[in-house]
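Trainee: my questions concern the predicted model and sequence given below.
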Amino acid sequence: MKRILIDSSKCAGCKNCSIACMQARRPDGSVYDIDLTSPQHESRNTILINAQKQCKPLFCRHCSNPACVKSCMSGAMVKSPETGHVGYDPEKCAECFMCVMNCPFGVLKPDRATGTYVVKCDFCADHNSEPQCVKNCPTGAIRVEEVEQ
Amino acid sequence: MTQRFSCTTCASADKTLECFVADLPLETSFHRVESQEIKCGFGLQGVCCRLCANGPCRITPDSPKGVCGANADTIVGRNFLRSVAAGSGCYIHVIENTARNLKNTAIAKGELKGKKALERLCGMLDISGTDEWDKAEKIADAVLADLYKPLFEEMSLTKNMSYEPRYKRWQELGILPGGAKSEIVAGVVKSSTNLNSDPVDMLLHCMRLGISTGIFGLTLTNLLNDALMGEPEIRMASVGLRVIDPEYINIMVTGHQHSMIAYLQECLTDEAIVKKAQEAGAKGIKLVGCTCVGQDLQVRGAHCTGFYDGHAGNNFTSEAILATGAIDVVLTEFNCTLPGIEPICDALQIKQICIDTIAKKANAQTVDYSFDEREKATAFILDEVIATYKSRRSQVPLNMLPEHGNDNTLTGLSEASLKGFLGDTWQPLIDLIVSGQIKGLAAVVGCSNLTGEGHDVLTVKLTQELIKKDILVLTAGCSSGGIENCGLMSPEAAELAGPQLKAVCQALGIPPVLNFGPCLAIGRLEIIAMEVAQALNIDIPQLPLVLSAPQWLEEQALADGAFGLALGLPVHLGLPPFVTGSPIAVQVLCKDMLELTGGQILINGDAAESANLLEDIIIQKRKGLGLS
Amino acid sequence: MKHIIIGVGAAGISAARAIRKHRRDDEILMISTDDAVYSRCMLHKYIGGGRSVGEMSFVPDNFFEDNNISWRNRTTVTEIDTANKRVVFEGGSENYDRLLIATGAKSVFPPIDGLKGATGIYGLRDLPDAKAIREKAGGASNIVVIGAGLVGLDAAYGLVEMGKKPVVVDMATHVLSANLDEPAAAVYQAKFEEAGCEFRFGCKVSSVKQNAAGEVSAIILDGKEELACDLLVVAVGVRPENGLLPSNSIDEYLSVGTDVYVAGDATGFSQSWPSAIEQGEVAALNMCGIITPYDEILALKNTVNFFGIASLSVGQLVPAPGDTCDVRESKGRYQKIISRDGVPVGVILQGDISRSGFWQHLVKNKINIADIPKPIWKMSFADSYGLDENGEYEWMT
């Protein structure tokens, strides 16, 4: 499967991955005209900071043993046997947010605007599975590679 | 050993140049575009704030305000005002030096080459004097006095230089500028930490800066330079890298202050100097034009014979010009002098000399080039120039590009020379507009940048689209340099125009794109707009005239744009000026400004779409005037 | 090899998936009383009219066909013949090589006087319960829910969605006493009250009255107060459905006898959806001969989401003597972390549970965070950030 590999030592904390992610979900427009304050445009990824002030990018791993899928009681969160990516169907989701609690790394969150769905990386399915975060990372801290599923 | 960089270079509208740069064994700006392709989205939207130690703060859904509480509107307002103030500062520095050079020349009873220009200035500024030097000194003093006025004191020449309906509107809006330097200081102060937080107030301050920049930094700089350095005369010229003659010692000039080299340029044809150059093995010494000062030399080409063979290229052509190996010295008096030329100069043993401490470049020698020291400084510089030639020419291989550019670019245009060409009246131009043979006027001005599609790509494509629509294009700035090298300023380019404009061009023997030279000449276009409006007894926003800075690059361009908005013109930009993070800034600049000054910012990076937008506006304005 | 799984709930389905993943050609037969696969955690959405039966499914449409699984539904297993490795049901029997009992649990009806035998009284455990409640509630005017825990509130929420105004009775002092502390619970209570619910805390239902037709007509609180009642939902707890288990001793491989396994609520372990999934998977692995011990996962954790307010609770809700308790409150937000000797042992978050999954990991794994030099509120995975050679995250502690 393809996974976004992370070299956190290269992360400069510019959050370009986040803006790219916000833009990737929009049907049109460009990075110039996203309303950066609107909770409608939430980023799937984020950058954490540790006690030493180092940047630690937090991106869905599409885990081989995904706790989010195991905790999903609606069948909304499914790991695809073909791509290995963990997909999420907001229509099926029952908004229990057990996945949010059970992701051991704290990647997931309920959406901020309505609190009715989970903000979840889909590996940019609408962009030919070319993650826009990776495309827009200026430092090469994230890259896509084929890994064992 | 020839080393080639493996990365791809960016495109240029100028394919000959693009190929030349791609094959260079040196790294240029064209090479670096790819590695800087990923832009910071916060920077693009203007919502990164570094005004205090709590920052940088950036606006996101989780952090809609900076630590201080500033929202996107305030952050964008401050950032934008800072940029416009800095851009204004650049031009005000230029007019200040120009006025001082005029004054010092007058005191020294030196040569004033533009007698008519001097008289015209006296008329405009209500100045009389005992002789030309007395008049020149009084003009310079009046300009300088205005520049140094406090914030609360209106500059007295603003009224003289403004079209009356505009002046009235500015007065109503309370945007008539105080002293130009004070306005810059106020802009910097307003936008400092935890000071002004009102985005609308800051945007209106940009209008004040636009007016002072436009009238003083642009318009008056041209007129003062004309009086001192000679008036533009319409003529044909060679342009492009072909103008470089390797048999001469070549000085590439960069900057915006033609009057700074007034003394030096005359010395180049001095017999003793020529003899020295010949002793060193060259035919003589020549200036090679680059950036806007090169354009200034070109429009005044009639007064620069013998030492100036033409304009080689715009800002982002400078590296290629140096890469020919035939340039011995870079003489810098201001921007746009890319830091990227420094390693190229080192590699090719080119000496860099700065004659304005403001524009000190790394690795460059600064020469005290005050008016009083000009003879000594010039002698020193020319000795250095000759010595550099001698030491480097046998070491550095030539890589000439004689096929680049052309020999038939129409140049020498100014508000005065064009009017003269039309028979000392704007009526022929007005008649052509009224009849629809010329649908309207588009001023394609400003810089060149390498983003978007590449070097001059949007500028040239947009120009092509506009002339196809029978819109006459007037240029000023680095856009001139790009368009001329692509051949659109040659009479033959009439073939590329729409049928009506083509017929006009062929009848008059002119190209469909008229080259007014440096960015300073935006001020000349303003005079034309004013005089045509006056002849029609209408205000400037009613004219079928649009302004576009398709590839604006720098802060100066933003100050120019602010002037355009203050004049009430539609101002098209290919890329947003780092303001889109603020809904208020976008609303004010793109919509509300129509109600205030009549101007408006339009942003579009596509040539065909942009041309349609601009054409629509021209058609609307024609309708407003009762023209079909 | 033939596997039989009794039950199509979380544990049963999880087991079937795991068997199919590891044994492409083994035969799998699932037997269930239920005639649909549905998530029990969504029954309240059915009552409220928010979801149809089909929309409560947690498997893809063609799950059985696609995974080559036979399913005998509407079938109740009556006996397990371990000697002959056979399950017996009405009208037939099937032999197995490996058997999984994932029969779940059933509602507990406390021994209240008059409750037994009356009609109009339901638990909320399965789809028939939900269907009955929804149907009955339509014409009911006095609905009482016994139990203000998660299931009781689920029922109340569904009823409120229907426009009903149920009375919820509980012996505890606040709602969700097993899931949240008092401040967090109060937020939900206020919302339920706003929506028309009435709460009676510290009360015990002492008896139930029936009318002549044998229908429930009233309940008596603490032997004194009479509340009219024409629909009674009992949500005081569940009991494992373990009648079929050959033995009550479950080993660490979830086995209860030769080739018989148990998973999910039927184990009697304290449960949550993820633990049922995990148990189903572990049992399945052992059924396939892949020896896998079951590591009891932290069951004391849950999320609550009513009226758009999400909460999360993990571990202890109340600090013990000597514990440190950090509490932070702001508008619409409540956070409480209980730590013992530097190890977080209990977490309650309400209002904003974004990116908070790491807490569950810290509590479950008893990770000491005392040495991380930052405020507890800034805790995240960042300080234990690790990546394995495959690019997956791993905790570096």
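Mentor: Happy to help now that I have it.
Trainee: in a strand, residue B:443, correct?
Mentor: Yes - assessed by DSSP: H, G, I helix; E, B strand; the rest coil, residue B:443 belongs to a strand.
Trainee: could you double-check that it lies in contact with residue B:550?
Mentor: No - taking Cβ atoms under 8 Å as the definition, residue B:443 is not a contact partner of residue B:550, at 11.1 Å. Glycine gets a C-beta too; all of them are placed from N, C-alpha and C.
Trainee: quick one, domains of chain B?
Mentor: With domains defined by automatic domain parsing, chain B comprises B:15-58, B:72-229, B:241-392, B:409-550+B:605-624.
Trainee: closest one to residue C:397 among those?
Mentor: Evaluated over the domains of chain B, closeness to residue C:397 peaks at domain B:15-58, with 31.7 Å, by Cβ to Cβ.
Trainee: ends of that closest one, how far apart?
Mentor: With Cα to Cα, to the nearest Å as the measure, domain B:15-58 spans 40 Å from end to end.
Trainee: quick one: secondary structure of the closest residue to chain A within the stretch 1-150 of chain C?
Mentor: In the stretch 1-150 of chain C, the residue that lies nearest chain A is residue C:58 (3.7 Å; Cβ to the nearest Cβ). With three-state DSSP as the basis, residue C:58 sits in coil.
Trainee: that one: neighbour count?
Mentor: Other residues near residue C:58 come to 24 when the count uses other Cβ atoms under 10 Å in any protein chain shown.
Trainee: what residue, apart from its backbone neighbours, is nearest it spatially?
Mentor: Counting by Cβ to Cβ, 6 or more residues apart in numbering or on different chains, residue C:58 lies nearest to residue A:75, which is 3.7 Å off, once chain neighbours are set aside.
Trainee: doesn't that neighbour lie inside a helix?
Mentor: No - per three-state DSSP, residue A:75 lies outside any helix segment and is coil.
Trainee: quick one: contacts for it?
Mentor: Counting by Cβ atoms under 8 Å, 6 or more residues apart in numbering or on different chains, residue A:75 touches A:89, A:92, C:39, C:57-60.
Trainee: what of residue A:76?
Mentor: A:88-94, A:118.
Trainee: and for residue B:576?
Mentor: Under the criterion of Cβ under 8 Å, 6+ apart, the neighbours of residue B:576 are A:32, B:44, B:603.
Trainee: cool, and residue B:260?
Mentor: When contacts are counted by Cβ under 8 Å, 6+ apart, residue B:260 touches B:97, B:101, B:333, B:355-356, B:369.
Trainee: repeat for residue B:254
Mentor: Contact analysis of residue B:254 by Cβ under 8 Å, 6+ apart lists B:290-291, B:293-294, B:318, B:330-337.
Trainee: before we move on, what about residue B:332?
Mentor: Shown in contact with residue B:332 (Cβ under 8 Å, 6+ apart): B:253-255, B:352-356, B:359, B:361, B:364.
Trainee: quickly note the distance from it to chain C.
Mentor: As defined by Cβ to the nearest Cβ, to the nearest Å, residue B:332 lies at a distance of 48 Å from chain C.
Trainee: hey, what's that residue bridged with?
Mentor: For residue B:332, the beta-bridge partners are residue B:254, residue B:354 (DSSP bridges).
Trainee: burial measure for whatever residue of the stretch 1-150 of chain C ends up closest to chain B, as a count.
Mentor: Of all residues in the stretch 1-150 of chain C, residue C:50 sits closest to chain B, at 27.7 Å by Cβ to the nearest Cβ. Using other Cβ under 10 Å, residue C:50 is surrounded by 15 other residues.
Trainee: can you check residue B:142 too?
Mentor: Going by other Cβ under 10 Å, the residues that sit close to residue B:142 add up to 20.
Trainee: wait, it touches residue B:156, no?
Mentor: Yes - the pair residue B:142 and residue B:156 qualifies as a contact (Cβ under 8 Å) at a distance of 7.3 Å.
Trainee: nearest the middle, which residue of chain B would you pick?
Mentor: Nearest to the mean C-alpha position of chain B, by Cα atoms, centre = their mean, lies residue B:519 at 1.8 Å.
Trainee: surely that residue meets residue B:553?
Mentor: No - under the criterion of Cβ under 8 Å, residue B:519 is not in contact with residue B:553, lying 10.2 Å apart.
Trainee: which non-adjacent residue is nearest the residue of chain B found nearest chain C?
Mentor: In chain B, the residue that lies nearest chain C is residue B:62 (8.8 Å; Cβ to the nearest Cβ). Leaving aside its sequence neighbours, residue B:62 sits nearest to residue A:112 (Cβ to Cβ, 6+ apart; 7.7 Å).
Trainee: related to what we said a few turns ago, burial measure for the residue of chain B closest to chain C, as a count.
Mentor: Using other Cβ under 10 Å, the number of residues around residue B:62 comes to 13.
Trainee: check the gap between it and residue A:87 for me.
Mentor: Distance, residue B:62 to residue A:87, using Cβ to Cβ, to the nearest Å: 25 Å.
Trainee: swap in residue C:350?
Mentor: Taken as Cβ to Cβ, the span from residue C:350 to residue A:87 is 29 Å.
Trainee: of these two, who's got more company?
Mentor: More crowded of residue C:350 and residue A:87, by other Cβ under 10 Å: residue C:350, with 24 against 17.
Trainee: what are the phi and psi values at that one?
Mentor: The phi/psi pair for residue C:350 (degrees, to the nearest 10) reads phi -140, psi 140.
Trainee: with residue B:514 instead?
Mentor: Dihedral pair for residue B:514: phi -100, psi 130, per degrees, to the nearest 10.
Trainee: likewise residue C:389?
Mentor: According to degrees, to the nearest 10, residue C:389 has phi -70, psi -20.
Trainee: burial of residue B:17, as a residue count?
Mentor: For residue B:17, the neighbour count with other Cβ under 10 Å is 26.
Trainee: which of the three states applies to it?
Mentor: Counting by three-state DSSP, the backbone at residue B:17 sits in helix.
Trainee: the residue of chain B closest to chain C and residue B:297, how far apart?
Mentor: As judged by Cβ to Cβ, residue B:62 and residue B:297 stand 54 Å apart.
Trainee: for chain A, which helix is longest?
Mentor: Longest among the helix segments of chain A by residue count, using DSSP state H, is helix A:16-24.
Trainee: and the helix or strand just after that helix, what does it pack against?
Mentor: Next helix or strand after helix A:16-24 toward the C-terminus (DSSP states H and E): strand A:46-49. Packing partners of strand A:46-49 (3 or more Cβ pairs under 8 Å, 6 or more residues apart in numbering or on different chains; DSSP states H and E): helix A:16-24, strand A:55-58.
Trainee: do that again at 7 Å, thanks
Mentor: When contacts are defined as 3 or more Cβ pairs under 7 Å, 6 or more residues apart in numbering or on different chains; DSSP states H and E, strand A:46-49 packs onto strand A:55-58.
Trainee: do the strand it packs on and chain B meet?
Mentor: No - Strand A:55-58 is not in contact with chain B by Cβ under 7 Å from any Cβ of the partner chain; minimum separation 13.2 Å.
Trainee: can you tell me which of the domains of chain B has the worst average pLDDT?
Mentor: Among the domains of chain B, domain B:15-58 has the lowest mean pLDDT, at a mean of 92.
Trainee: can you list the residues of chain A near chain C?
Mentor: A:3, A:5-6, A:8, A:46, A:48-51, A:56, A:58, A:61, A:63-64, A:70-71, A:73-75, A:94-98, A:100-110, A:115, A:147-148.
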